[in-house]
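Q: Build the 3D model from these lines:
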Amino acid sequence: MCPVVEMQSTSSHINAMMLEAAGIELKLVGYNGGRPAVKAVLQREADVTFQLFTAVTEYIESGDLRLLTTFTNERTDFYPDVPALGEVLPEIKRFLPWGIFNGPCSPKGTPDEINEVLQNAFIEAIKDPRWIKTVTEDVKL
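A: Numbering: from 1, shown residues only. Below you'll find the predicted structure:
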């Protein structure tokens with residue numbers, strides 16, 4: 001079974017491209033905005049959502065969602081126990097932060113082995129030369 005990833009913004013598409021570049025098969029599902037996308041993950045219609053922290057803070061704090069990583073170079077003051085991608089992969093620090101206070105979340109109760117697969121997929125995807133070209137050349141950073 002491939003993970004179902006909500007798609008409600010450009011950044012969601014870019015994050016999905018990272019996973020696909022790492023060879024992860026995805027089922028992409030469109031939602032009309034962040035709130036319906038978060039609801040879909042909470043109701044297990046989708047496996048992962050990429051959201052601004054402000055949109056999911058209450059769910060993270062309640063334990064209904066688990067923040068898997070941040071697209072930053074250092075851990076945030078808000079979530080010091082959540083790894084930053086730049087911390088895990090120092091070679092990509094120059095591409096981060098990606099997005100403003102955003103990161104992938106999975107629903108409460110998602111098995112650790114699934115969360116680990118997703119975290120590893122993000123890490124592998126951002127090593128892909130196509131991703132690096134996108135964020136350095138195509139986006140004109």
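Q: which residues of this protein score low on pLDDT?
A: 1-9, 14-24, 89, 91-92, 94-95, 98-103, 134-141 (pLDDT under 70).
Q: any chance you could map the strands in it?
A: 4-7, 27-30, 49-52, 65-67, 102-107 (DSSP state E).
Q: would CSV of those with mean neighbour count be doable?
A: Just so you know, the C-beta spots here come from the backbone N, C-alpha and C atoms, and that holds for glycine as well. As requested, those are exported to CSV (neighbours: other C-beta atoms under 10 Å):
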stretch, mean neighbour count
strand 4-7, 22
strand 27-30, 13
strand 49-52, 24
strand 65-67, 21
strand 102-107, 24
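Q: just so I know, which of those lies nearest Asn73?
A: The minimum distance between Asn73 and the strands of the chain falls on strand 102-107, with 13.1 Å, by C-beta to C-beta.
Q: Flag every buried residue along the lengthiest helix in the chain.
A: Longest helix of the chain, by residue count under DSSP state H: helix 112-125. In terms of neighbour count (16 or more other C-beta atoms under 10 Å), helix 112-125 has its buried residues at 115, 118-119, 121-125.
Q: now stretch 65-77
A: So, applying 16+ other C-beta under 10 Å, buried residues of stretch 65-77: 65-73, 75.
Q: now, the most widely separated pair of these?
A: Greatest spacing in the buried residues of stretch 65-77, by C-beta to C-beta: Leu65 and Asn73 (22.9 Å).
Q: in the protein, which residue is closest to the centre?
A: In the chain, the residue lying closest to the centroid (C-alpha atoms, centre = their mean) is Pro104, at 2.8 Å.
Q: List the contacts of that one.
A: Pro104 makes contacts with 15, 48-50, 67-69, 118, 122, as judged by C-beta atoms under 8 Å, 6 or more residues apart in numbering.
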